[in-house]
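In: mind folding the following:
(one chain, ligands or ions: 1)
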Amino acid sequence: MMQNLTNEEWHSLIKSIESKLIEPKDAPLASMSAAEAAAFIDHTLLKPDAEPEQIDKLCDEAKKYNFKTVCVRLNYVARAVKKLSGTSVGIACVIDFPEGTADWEAKEKELAAAIEAGTTEADAVLNRSYLHRARTTSSSGLLEKLPDYVSTFSDLSKLRYVASRPTTLKLILETSQLSTDEIIAASVLAHYAGFDFIKTSTGFCERGATVEDVRLMKSVAIAAAKETADEPMQIKASGGIRSFNDMQKMAAAGATRIGASAGVTIVEEASGVRDGETHDAGQNGGY
Ligand SMILES: O=C[C@H](O)COP(=O)(O)O
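Out: From the prediction side, this is the model:
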């Protein structure tokens, strides 16, 4: 049914869900064991010049600490699958990373190849150019410009079709490049397209996750799920999360997954073997 909505109908639905948003209250900062922290983390290495040995190290660390997944680019999925065979660590492959603007054929090819190579999760970047590109409508008798919800939803539905369950599918919004209205729209469209997670950031743009983004995305996920009587999407916070304290704040705001290149630091702080005083700049030079 949703496939047939016009741009104006999407606009009304998104605005109706927006009117029902309830700002969630942060939970208290939870104490977590190192094992509990590791189970929250996609241990991530996405810099384009990552060497095979660095991916091997990432996988060895993932085995040692039992991270939820390692998050890598397509060219390293098969290597990570081999290194992690026989463990419970999953593989998350980023798709159309970090821009999100590839045409559908390229995106489909990359996603299908990642699944074929054994990825268990796919983190696809939203093509935000559709939300920035206005479509003119005259449904009310007046000419007005709306974001292109129809093309956005079509892209997201096709991604879900290619990455059918049990592949976990996440949508990277890159919140630093979206207005509040666009974050709400993208989150609603992701819910209706059947995504499992919405994720804040690539870690390669002007800033990473903020607790405000996580709260907003959480509230949209809850409101959209009420509308369809489904489970709410989960929230992955990523980009700039360097410490156990950063992670606790994201979890308190509603994140149930963290993407971080500082996973080892985070679990070592959680276990108390590291004091939390000094932190790396991150895989891309950092913000
Ligand atoms: O998806 C995860 C991000 O790429 C992680 O970025 P980070 O180096 O700021 O932790």
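In: which element is Asn35 on?
Out: Actually, residue 35 is Ala rather than Asn. Under the assignment given by DSSP states H and E, the secondary-structure element containing Ala35 is helix 34-38.
In: so which residues on this protein come close to the ligand?
Out: Of all the residues in the chain, those in contact range of the ligand (C-beta under 6 Å from any ligand atom) are 44, 46, 71, 202-203, 208, 238-241, 259-262, 282-283. Using the backbone N, CA and C atoms, a C-beta is placed for each residue, glycine as well.
In: ok, and the closest non-adjacent residue to Ala27?
Out: With C-beta to C-beta, 6 or more residues apart in numbering as the measure, Ala252 is the residue that lies nearest to Ala27, at 4.8 Å, once sequence neighbours are left out.
In: residues touching the one you found, list them.
Out: Asp26, Ala27, Pro28, Leu29, Ala30, Val211 (C-beta atoms under 8 Å, 6 or more residues apart in numbering).
In: closest to Ser179 among those?
Out: The nearest member of these to Ser179, counting by C-beta to C-beta, is Val211 at 18.1 Å.
In: please look at that closest one and Ala27 and confirm they touch.
Out: No. Counting by C-beta atoms under 8 Å, Val211 does not reach Ala27; the two are 11.7 Å apart.
In: who has more neighbours out of the two?
Out: For the pair Val211 and Ala27, the greater number of neighbours falls to Val211 (16 against 11), based on other C-beta atoms under 10 Å.
In: ok, the nearest residue to Ala39 once chain neighbours are set aside to Gln283 distance?
Out: Counting by C-beta to C-beta, 6+ apart, Lys68 is the residue found nearest to Ala39 once chain neighbours are left out, at 5.6 Å. Lys68 sits 18 Å away from Gln283 when distances are taken as C-beta to C-beta, to the nearest Å.
In: out of those two, which sits in the more crowded spot?
Out: Relative neighbour count places Lys68 above the other of Lys68 and Gln283, with 23 against 17, counting by other C-beta under 10 Å.
In: let me know the secondary structure of the closest residue to the ligand within the stretch 151-287 of the chain.
Out: Distance from the ligand to each residue of the stretch 151-287 of the chain (C-beta to the nearest ligand atom) is smallest for Gly203, at 2.5 Å. On the three-state scheme (DSSP: H, G, I helix; E, B strand; the rest coil), Gly203 is labelled coil.
In: remind me which residues of the stretch 1-150 of the chain are low pLDDT?
Out: Under the criterion pLDDT under 70, the flagged ranges of the stretch 1-150 of the chain are 1-3, 135-144.
In: all helices of it, in order?
Out: If DSSP state H, counting those that start in this stretch is used as the criterion, the helices of the stretch 1-150 of the chain fall at 7-19, 34-38, 52-65, 77-83, 104-117, 129-132, 149-162.
In: packing partners of the fourth one?
Out: Which is helix 77-83. Based on contacts counted as 3 or more C-beta pairs under 8 Å, 6 or more residues apart in numbering; DSSP states H and E, the elements that helix 77-83 packs against are helix 52-65, strand 90-95, helix 104-117.
In: so can I have JSON lines of those showing distance to Leu159?
Out: Conversion of the helices and strands packed on helix 77-83 to JSON lines gives the following (distance: least, C-beta to C-beta, whole Å):
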{"stretch": "helix 52-65", "distance to Leu159": "25"}
{"stretch": "strand 90-95", "distance to Leu159": "8"}
{"stretch": "helix 104-117", "distance to Leu159": "7"}
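In: quick one on the thing from earlier: element containing the residue nearest to Ala27, please.
Out: Per DSSP H and E: Ala252 is located in helix 244-253.
In: residues of that helix that come out buried?
Out: Neighbour-count burial for helix 244-253 flags Phe244, Asp246, Met247, Gln248, Lys249, Met250, Ala251, Ala252, Ala253 (criterion: 16 or more other C-beta atoms under 10 Å).
In: max pairwise distance over the residues you listed: which two?
Out: Between all members of the buried residues of helix 244-253, the longest pairwise span (C-beta to C-beta) is found for Phe244 and Ala253 and amounts to 15.1 Å.
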